[in-house]
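>>> fold the following for me, if possible:
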Amino acid sequence: MDLFNIETFKVKIKALMLVSVLTPAFSFTSNLTAQEDASTRVPTEELVEGIKSRDGRWFEVEMIIFKRTDNVNLREQFSQNVKSLTKRRQWDLVRDLLQPDISLLLAGLPECHHDKNPLANINPDAPLSPQEFYTQMSGYQELINNKWQFTNELCLMPSESLSGYWQLVNNVPLFEKPINSQVPLDVIPTKVTAGDHDDFHNVYVLAEQNLQLTSHFNKLKKNPNTEPMLHIGWRQPGLSKRESRPVYLVAGHNYTERFRYDGSEKLIFKQDMDDEPETTPLENVAPDLNNDVRNNVTNFMKKLQSGAVVDFKNSSLIYPKQNALPDETWQLDGFIQVHLDHYLYLEGQFNFRELSQEVINPEQFLAKLTEDKAMSKVEAETSTDVSTQVTNEELVTINYLKNYNFKQTRKSYSGDLHYLDHPKMGILIQIRKYRH
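Next up, the predicted model:
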């Protein structure tokens, strides 16, 4: 198993172990419902963040997002130029509820194999001889360098607990990505609810008993042509368009480990092992390719390694501004924004993604290669192990997430049930008066 995948798996196990002992802070039921201590929420009109409604009114917003499963061929063409739908000022209700930051909690855990560390167990009444200290330190270093070793304790591995200096001294591999910062999720539950509250404390997710579209949810679940992705409700003040914030939502599967936000596949970089010479995917896939074909495909692979993305619409390779895109890639992400101006107005924008494949001729794409001038030069010349197939016809199979963008606006009265249609998905949404 790949080292990164092993470490990621260990992170997930550890995070879930921690969550299991954090009750009542988190309580994951079949719907992964997050609960809060009711004593901390007192009905009041004094808001935690000073959010004030335009005229003192608050509203409940409830919505069901579902995807279509009839796989009807689409005539409409959707742009694959994926744009970020996150905003600087937003309410991130789903991820704040289901992926809380647990880094502070994890920081208080003890170091794994702490009892084997001679530096941390110095006994002034029985000091170790130089030989004994060397023997114990050698055994400790050998123990913590074994990254595949699991422990029954809820503790931190050396790469998480040791400072940079001691990581170098103990030859512990360093990881570019921070680990153990959030509860990992592979899929968002179809129904996301929270504690039962009746107050004006900021914007918050509704409890399951306060959802009123459950019958519609059940009908969509039974329908063979539809599949619910997210059923959620929340309370928020009636704000003007300038003061309102979008509610950012994610749903479905988490594709972050395999795909970038723009839909391009992440290539898995091989690490140099025992100073073996670097190899390309072609050496084991298509040894009978002629030199011209081999060079084209090799150059094409190197472009993908360095961050290039296939633009199917223009048959070219481009370098998108990855730093302007979110780090997480979900099957669906986007926002609903509700504001009040005599009427209630709602605006919805989402990116809905499907796993897709495309067989292309790399020579055609190399001929139209364009680079984004705003992007700095990327240096990535290491070989990769990618999920592509090459034939003597110089064809390459590209895996990617095909994007179907969604954007609609509606004017509404409180209590109206709206249906937002789309060839690949649909949304049922209702805005109701709350305590007025």
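>>> so what touches stretch 70-83?
225, 261-263, 311-313, 325, 351, 402-405, 423-424 (CB atoms under 8 Å, 6 or more residues apart in numbering). (Glycine included, C-beta is placed from N, CA and C.)
>>> least confident pick among those residues?
Among the contacts of stretch 70-83, Lys313 carries the lowest pLDDT, at 69.
>>> which elements pack onto the helix or strand Phe335 falls within?
Secondary structure from DSSP states H and E places Phe335 in strand 330-341. When contacts are defined as 3 or more CB pairs under 8 Å, 6 or more residues apart in numbering; DSSP states H and E, strand 330-341 packs onto strand 58-68, strand 226-237, strand 247-254, strand 343-360, strand 425-434.
>>> switch the cut-off to 6 Å
strand 247-254, strand 343-360 (3 or more CB pairs under 6 Å, 6 or more residues apart in numbering; DSSP states H and E).
>>> out of the contacts of stretch 70-83, who has the most neighbours?
When the contacts of stretch 70-83 are compared by neighbour count (other CB atoms under 10 Å), Tyr261 ends up highest, at 26 neighbours.
>>> circling back to that earlier point, now for the helices and strands packed on strand 330-341, which one comes closest to Asn202?
With CB to CB as the criterion, Asn202 lies closest to strand 247-254 of the helices and strands packed on strand 330-341, at 12.3 Å.
>>> show me where the stretch 251-400 of the chain has strands.
268-269, 309-311, 316-318, 330-341, 343-360, 384-385, 396-412 (DSSP state E, counting those that start in this stretch).
>>> between the ones you listed, which gets the lowest average pLDDT?
Looking at the strands of the stretch 251-400 of the chain, the weakest mean confidence is strand 384-385, a mean of 39.
>>> check for me that Phe133 belongs to a strand.
No. Counting by DSSP: H, G, I helix; E, B strand; the rest coil, one finds Phe133 to be helix, located in no strand.
>>> that one and Gln236, how far apart?
From Phe133 over to Gln236 the distance is 62 Å, taken as CB to CB, to the nearest Å.
>>> equivalent analysis for Leu119, please.
For Leu119 relative to Gln236 (CB to CB), the value is 53 Å.
>>> again with Ser79
For Ser79 relative to Gln236 (CB to CB), the value is 30 Å.
>>> higher neighbour count, the two?
Between Ser79 and Gln236, counted using other CB under 10 Å, the more crowded position is Gln236 (24 against 10).
>>> residue contacts, that one?
Val203 (CB atoms under 6 Å, 6 or more residues apart in numbering).
>>> beta partners for it?
Assessed by DSSP bridges, Gln236 has beta-bridge partners Phe59.
>>> does Leu143 touch His113 like I think?
Yes. Between Leu143 and His113 there is a contact at 5.5 Å, judged by CB atoms under 6 Å.
>>> which parts of stretch 190-202 are buried?
By 16 or more other CB atoms under 10 Å, the buried positions in stretch 190-202 come out as 190-195, 197, 199-201.
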